[in-house]
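Asks: mind looking at a prediction? Sequence and model below.
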Amino acid sequence: MDPIRRYLLKAIGLFAAGRAFAGDQPSVQRGTEMPPSSVKPRHVLCFLGKDESLLHPPKAVAKTIADFGFEIDRTYSQARPDPHMERSFGVCWDRVFPKAWSPADEAAVVKHKSVLYVLGPPMDQQKTVAYSAAALRIVEEMIEAGAIAVKGESAGVAHGLERWRQLADQARKGASTGQGLAVTPAVAKACRLAFAKRPLGGERYYETVGYHLVGLPEIHVAKSRGNEWAAVMLMEEIANAMTERGIEATLRDRKLTLSREQDYAENDFKFNPYGIIRVEA
């Protein structure tokens, strides 16, 4: 078993022995009126294939999926094209990272012949990064096995194949600098870039969605503070601080508060049980 795989399994199974970077915050509810949610987030990964072989991954990939506690969804996976995928990927492509996808990636979506969904297990907050790193590993192996397009359904974000490979490599390199556990700030950042979507334009705020997949509250930045690129920079700055120093310490230092009010229902995969931080003008 390679070291990174072993680290991920240890982080998922024996994480209580180490430090949970963003999740070890027993009192982050301070200053909020609503009680914390009991909802546990989970990953839903969408893979497109060039033929029906996608629905039967190689034994090594199937073992990776099972070892990390993920499972193939046989209800919605299908050995035929889904006519909604072109539009779905069109609104989900990451538009922050330069050249996050290519015309070849768009063409692959149009020409796909099969769809496979892989479901992650419900995640405790302190294990979200480890499971997200495992999800990235599954994405990488599925691409190697022939997947031609990939989307993270839990936040509605898609990257081109090369960008997915870059993010998986970034997580792997971050894990290799860790001390026995794969969950380091570098891994957390790679997973956040892979599975969270930003900036979404709401009525008053630029918003993130998907930060619950790395154990963090969402960050909403008032549009009156500046343009969307300035908002993205501030989102990254606050997220990095929460990952490295903890949620409560970051809220206290920046004089921010946590809200439990949000637009998504608790049964929506985009629902963030850790709340929302709203940065006003």
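Replies: Looks like it arrived, so ask away. Numbers count the residues shown, from 1 in each chain.

Asks: would you map out the domains in the protein?
Replies: The chain breaks down into these structural domains: 3-192, 197-279 (assignment by automatic domain parsing).

Asks: show me where the protein has its helices.
Replies: Assigned by DSSP state H, the chain shows helices spanning 3-13, 59-67, 85-92, 103-111, 128-144, 161-176, 185-195, 228-245, 247-254.

Asks: quick one: which of these is nearest residue 207?
Replies: helix 228-245 (8.9 Å; Cβ to Cβ). For glycine as for every other residue, the C-beta is placed from the backbone atoms N, C-alpha and C.

Asks: ends of stretch 191-201, how far apart?
Replies: Counting by Cα to Cα, to the nearest Å, you get 22 Å between the two ends of stretch 191-201.

Asks: from here on, call the first residue 388.
Replies: Okay, using 388 as the starting number, the last item reads as stretch 578-588.

Asks: now find how far off-centre it is within its chain.
Replies: 7 Å (Cα atoms, centre = their mean, to the nearest Å).

Asks: taking the mean pLDDT, what do you get for it?
Replies: Average pLDDT, stretch 578-588: 96.

Asks: gap between the most centrally placed residue in the chain and residue 517?
Replies: For the chain, the residue nearest the mean C-alpha position is residue 582 (2.6 Å; Cα atoms, centre = their mean). Between residue 582 and residue 517 the distance is 13 Å, computed by Cβ to Cβ, to the nearest Å.

Asks: ditto for residue 553
Replies: From residue 553 to residue 517 the distance is 20 Å (Cβ to Cβ).

Asks: please identify which of the two sits among more neighbours.
Replies: A side-by-side neighbour count of residue 553 and residue 517, using other Cβ atoms under 10 Å, places residue 517 first with 32 against 17.

Asks: what about the closest residue to that one other than its chain neighbours, how many residues close to it?
Replies: Distances taken as Cβ to Cβ, 6 or more residues apart in numbering place residue 398 nearest to residue 517, at 3.7 Å, with adjacent residues excluded. By other Cβ under 10 Å, the residues close to residue 398 number 27.

Asks: next one: residue 648
Replies: By other Cβ under 10 Å, 10 other residues sit near residue 648.

Asks: and the one 5 residues further on, by the same measure?
Replies: Other residues within reach of residue 653 by the criterion other Cβ under 10 Å amount to 10.

Asks: swap in residue 619?
Replies: By other Cβ under 10 Å, 16 other residues sit near residue 619.

Asks: any idea how far residue 481 is from it?
Replies: Residue 619 sits 11 Å away from residue 481, going by Cβ to Cβ.

Asks: now do residue 629
Replies: Distance, residue 629 to residue 481, using Cβ to Cβ: 21 Å.

Asks: and the helices of the chain: which comes nearest residue 541?
Replies: Nearest to residue 541, of those and by Cβ to Cβ, is helix 572-582 at 6.9 Å.

Asks: tell me the buried residues in the strand ranked longest in the chain?
Replies: Longest strand of the chain, by residue count under DSSP state E: strand 458-465. Buried residues in strand 458-465, counting neighbours by 16 or more other Cβ atoms under 10 Å, are found at 459, 464, 465.

Asks: need those residues in a markdown table with distance to residue 452, can you?
Replies: Below are these laid out as a markdown table (distance: Cβ to Cβ, whole Å):
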| residue | distance to residue 452 |
| --- | --- |
| 459 | 7 |
| 464 | 13 |
| 465 | 18 |
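
Asks: and those as JSON lines, adding distance to residue 605 and pLDDT?
Replies: Listed next are these as JSON lines, based on distance: Cβ to Cβ, whole Å; pLDDT from 0 to 100:
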{"residue": "459", "distance to residue 605": "29", "pLDDT": "98"}
{"residue": "464", "distance to residue 605": "29", "pLDDT": "98"}
{"residue": "465", "distance to residue 605": "32", "pLDDT": "98"}
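
Asks: now, which of those residues sits nearest residue 474?
Replies: Residue 474 has its nearest neighbour among those in residue 465, at 17.0 Å by Cβ to Cβ.
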